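J.: Just the structure for this:
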Amino acid sequence: MRSAVSICNKGLQFVGGSPISSLEEKTRGAELCSYLYEEVRDELLEAHHWSFATRYERLPKLPDSPPFGFEWAYQLPADCIGVRQLQDGKPFEVVERRVLYTDSNPAKAIITVRVTDPAQYPALFVEVLARKLAAELAVPLMNSTKLEQTMYRKFADAFARAAAVDGAEGVQQVDESDGWLQARTL
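T.: Numbering: from 1, shown residues only. Got it, this is the predicted structure:
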């Protein structure tokens, strides 16, 4: 079963590090993974609007009037990492205390949430997370900037591939090999 430790071990493997059995063990690899894992995971969740981390949410209205010309203030959920859009398409602004200002009433938002259960991660996200961890581990664990550069290139390639696959979910592809369709479009 997929876990934070298995993902960290994949990242450690990419840089030639020793595997760990727990994030609490007293090895350099475990200490670095324990320090980096959640931060790197959240960075990746912020970097792309992953479908597995998407939620549609009706936001609770706050009693305070917002400043700067917006009509309403709404509280974002604690696990919200980013707001993609409001259902009605109206503009919004997110400010401190995780408050969203908008003229929408009610505010129905499409948000990216913090997913902490690795069992919910698609395989390509796991690959991206492990590649990013490897890039972050290369210098402090292996003392190699060359390895770091290589790991960042591999991370960038994996991220682009995963984001493209994730972005294509739900998109209908036209099969252009269909002879009937080709005859109709000529």
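
J.: Now do the longest helix seen in the chain, average pLDDT.
T.: Once the chain is assigned using DSSP state H, the helix that runs over the most residues is helix 145-168. Along helix 145-168, the predicted confidence averages to a pLDDT of 96.

J.: Pretty sure residue 134 sits in a helix.
T.: Yes: residue state for residue 134 (DSSP: H, G, I helix; E, B strand; the rest coil) corresponds to a helix.

J.: Spatially nearest residue to it (excluding sequence neighbours)?
T.: In space, and not counting its chain neighbours, residue 134 is closest to residue 14: 3.7 Å by Cβ to Cβ, 6 or more residues apart in numbering. Just so you know, the C-beta spots here come from the backbone N, C-alpha and C atoms, and that holds for glycine as well.

J.: what sits against that neighbour?
T.: 130, 131, 134, 151, 154 (Cβ atoms under 8 Å, 6 or more residues apart in numbering).

J.: 7 Å instead?
T.: Residues near residue 14 by Cβ atoms under 7 Å, 6 or more residues apart in numbering: 130, 131, 134, 151.

J.: What's the per-residue pLDDT of the third one here?
T.: Reported pLDDT at residue 134 in the predicted model: 98.

J.: what does residue 77 give?
T.: Residue 77 carries a pLDDT score of 97 in this model.

J.: That one - how many residues pack around it?
T.: The number of residues packed around residue 77, counting by other Cβ atoms under 10 Å, is 15.
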